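Undergrad: Predicted model follows, preceded by the sequence.
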Amino acid sequence: MKIILPKFEQILSSQKRVSLDLREILLRYPALGAVFSLLVIFTTFGIIQPLFLKVTNLTNLLTFTSELGIISIGVSFLMISGEFDLSVGSIYGFSAWLFMIVANATNSIFGLIISIIFGGLIGFINGFISFKFKLPSFIVTLGMKMILAGMLNGLMAGRSLVYKSDNYIPKIFTSKLIYGIRPTHFLFIFLALLFHGILTQTRYGNWVMASGGNKEVARNMGVNPHEVKIKNFIISGMLAALVGVLVASRYSLVNPTFGLEKELQAIAASVIGGCALHGGFGSIIGAAISAITVGMIKIGLAMSGLSGYFYETFIGIFLVFAAIINTWIRKF
Amino acid sequence: MVNIFKNYKNFYALKGVNFSVSNNEIVGLVGDNGAGKSTLMKILVGSIPRTQGEIYFKGREVYYRSPRDARKDGIEIVFQDAMLVDTMNIQRNFFLGREPVKRKFGISILDNKRIFDESDKSIRNLAINLRSLYDLVLNLSGGERQVISVGRALYFGAKLLILDEPTNNLSVKESQSLLSLVVKSSRRQAAVIFISHNVHHVFSVAHRIVVLGHGRIIENIKKSNPNCTEDYIIEKIKEN
């Protein structure tokens, strides 16, 4: 199917009129596919269950999908640079606990700072071990996931921890404004736009794509791919830790199951949003929008009277389908 | 390059090689597989360390630790894979590692207009017809990739261009395109070292031909020498 965009394409192709087919449009703007999927799923559930379209339902949806979304931003940014982080769920859970421990003992601001430093440190360790010992990041971060999850289980011994500190951080991030909108929604949108901007409009973003696309070429052209990837591991860790703090603030409670399987959902959102599994290509906006879509499927299923137990089945089908389409678009 | 030795444990890849190239000269470096051609060039640009010997560039002794280092002095090597990232588009590849930026609201962002305009202008001078600068490099032919890589090196002011087996995977037409670009570049600014198995291609553009065999220089002859024919060069390669 060919679509001719004369004026736009004339500017883009040096006064030469080039027609783009649908595949090329999706290749050039990978987030479009994610937007399309979101609209289809939104419309479908809206038709099946009109209550789905209620504003407070949508803002609720945005609350918990923005948490997955922020993690997905970090995961997709790292994936585009060619690495995986399977420990984000455990970083999130452990940081939530760490935030509460520190906040209960001192104050919430200090708790936030310590948690984010912790997340960044784990990210650095993940990257350092991967490159120092030439191990695939998949394995290193899988190991880290288990280490942190086990430690959290052990330290909490099956019990929950309740928040007893001040209201600063909870109020700043999670208080309800009008129609259930929260500051975390704006934070999510801001972070998605920020990282999209870094990827597409900065030198560093070019280095991220090159490091993921072909690290030998990147190195030969003057980029330091290991440095780029380690920075992205740190960012991924810090964003996961931030979400831990947000969730702990919202629930005023932490339990050992926090963060379970979040890494898989974040990777799914990144792939659905157009990120190539081997790196070098992707969209932060696409990953962020897909995180909303993934959450929307869960709530939509429940509200439609369909069993929420089948949620993972639907996500799995969606993921494979999206991967097939994205591979057809990219041809890699 | 003076008295270059390279050994790997008990194996001597290069044995006392003296090699030079002058301004605006195209030197063809030929030899059979394992002769040491690529090794010699990798030592020059710092991809691999030398065991012994010195290298002088524009009158001063140099020791490059990586191709990145060599590039700062204007020495660029283009390998067969053209040193482009498949998953990125042509213009982003063109400026990879040397991206122009502009300040906006106090932060440095890519100067996308300059990236587009200058890659467009450079590529149009290369006499290849690309569909769009937004196309991914993955979709380009081998010839287009090589030409873009060479064009990139020239745009960034390469004073010495080293082409390692550039025509290996190219069609006849693409090879011709690349060879005329090589001649044009040597006339304009650069010295060129052209490594190839294909004696015919080398012969069509080189001013001087150096034959390497088993890590030593076997022959070093100007094309203007009446003895220098393609058959003569091929014989020299076969002898060793």
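TA: Nice, I can see it.
Undergrad: Bridged to residue B:89, which residues?
TA: residue B:136 (DSSP bridges).
Undergrad: so who does it touch?
TA: Residue B:89 sits next to B:133-137 when contact means CB atoms under 8 Å, 6 or more residues apart in numbering or on different chains. No exception for glycine: its C-beta is placed from N, CA and C like everyone else's.
Undergrad: List just the nearest of the residues you listed to chain A.
TA: residue B:134 (6.0 Å; CB to the nearest CB).
Undergrad: which residue ranges form the strands in chain B?
TA: B:2-8, B:11-17, B:26-30, B:52-57, B:60-62, B:75-78, B:101-104, B:107-110, B:160-164, B:191-195, B:208-213, B:216-222 (DSSP state E).
Undergrad: max-length helix in chain B?
TA: Within chain B, and with DSSP state H defining each element, the longest helix by residue count is helix B:172-188.
Undergrad: now that one: how far from the chain's centre is it?
TA: 12 Å (CA atoms, centre = their mean, to the nearest Å).
Undergrad: next one: stretch A:249-264
TA: How far stretch A:249-264 lies from its chain's middle: 15 Å, per CA atoms, centre = their mean.
Undergrad: right, and out of the contacts of residue B:89, which lies closest to residue A:90?
TA: Of all the contacts of residue B:89, residue B:136 has the smallest distance to residue A:90: 35.5 Å, by CB to CB.
Undergrad: near chain A, which residues of chain B show up?
TA: Neighbours of chain A within chain B, by CB under 8 Å from any CB of the partner chain: B:66-68, B:71, B:81, B:83-88, B:92, B:95-99, B:101, B:108-110, B:112, B:120, B:124, B:131-134, B:136, B:138-139.
Undergrad: Confidence-wise, which helix or strand of chain B is lowest on average?
TA: Least confident helix or strand of chain B, by mean pLDDT, DSSP states H and E, is helix B:172-188 with a mean of 81.
Undergrad: tell me the angle it makes with strand B:160-164.
TA: 160 degrees (axes from the mean of the first three to the mean of the last three CA atoms, to 10 degrees).
Undergrad: can you pull the buried residues of helix B:172-188?
TA: For helix B:172-188, a neighbour-count test (16 or more other CB atoms under 10 Å in any protein chain shown) marks B:174-175, B:177-179, B:181-182, B:184-186 as buried.
Undergrad: Please apply the same query to stretch A:172-189.
TA: Under 16+ other CB under 10 Å, the buried positions of stretch A:172-189 are A:173-174, A:180-182, A:184-185, A:187-188.
Undergrad: So, low pLDDT: which residues of chain B?
TA: Applying pLDDT under 70 to chain B flags residues B:127, B:240.
Undergrad: Burial check on the nearest residue to residue B:125 once chain neighbours are set aside, number of neighbours?
TA: Nearest residue to residue B:125 in three dimensions, chain neighbours excluded: residue B:151, at 7.4 Å (CB to CB, 6 or more residues apart in numbering or on different chains). For residue B:151, the count of nearby residues is 21 (other CB atoms under 10 Å in any protein chain shown).
Undergrad: Equivalent analysis for the one 5 residues further on, please.
TA: Applying other CB under 10 Å, we find 15 residues neighbouring residue B:156.
Undergrad: I'd say it and residue B:76 touch.
TA: Yes. Counting by CB atoms under 8 Å, residue B:156 does reach residue B:76; the two are 7.5 Å apart.
Undergrad: any idea how far residue A:156 is from residue A:97?
TA: 7 Å (CB to CB, to the nearest Å).
Undergrad: residues shared between the contacts of the two?
TA: residue A:254.
Undergrad: tell me which helix or strand of chain A sits lowest on mean pLDDT?
TA: Per mean pLDDT, DSSP H and E, helix A:6-12 ranks last in chain A, at a mean of 44.
Undergrad: Skip ahead from that helix and say which helix or strand is next.
TA: strand A:20-21 (DSSP states H and E).
Undergrad: where's whichever helix or strand comes after that next one relative to the chain centroid, distance-wise?
TA: Next helix or strand after strand A:20-21 toward the C-terminus (DSSP H and E): helix A:22-28. How far helix A:22-28 lies from its chain's middle: 23 Å, per CA atoms, centre = their mean.
Undergrad: interface residues of chain A facing chain B?
TA: Close to chain B, as judged by CB under 8 Å from any CB, chain A has residues A:12-14, A:16, A:18, A:27-28, A:197, A:201-203, A:205-207, A:209-210, A:212-214, A:217-223, A:276, A:279-281, A:331-332.
Undergrad: filter those residues to the buried ones?
TA: Buried among the residues of chain A next to chain B (16+ other CB under 10 Å): A:12-14, A:18, A:27-28, A:201-203, A:205-207, A:209-210, A:212-214, A:217-223, A:276, A:279-281.
Undergrad: returning to that earlier point: determine which two of the buried residues of helix B:172-188 are furthest apart.
TA: B:174 and B:186 (19.2 Å).
Undergrad: can you tell me which of the buried ones among the residues of chain A next to chain B are in helices?
TA: Using DSSP H, those in helices are A:12, A:27-28, A:201, A:203, A:205-207, A:209-210, A:212-213, A:217-220.
Undergrad: for residue A:331, phi and psi?
TA: Backbone torsions for residue A:331, taken as degrees, to the nearest 10, come to phi 60, psi 30.
Undergrad: what residues are up against the closest residue in space to it that isn't next to it in sequence?
TA: Residue nearest to residue A:331 in three dimensions, not counting chain neighbours: residue B:138, with 6.9 Å by CB to CB, 6+ apart. Listed by CB under 8 Å, 6+ apart, the contact set of residue B:138 reads A:331-332, B:86-87.
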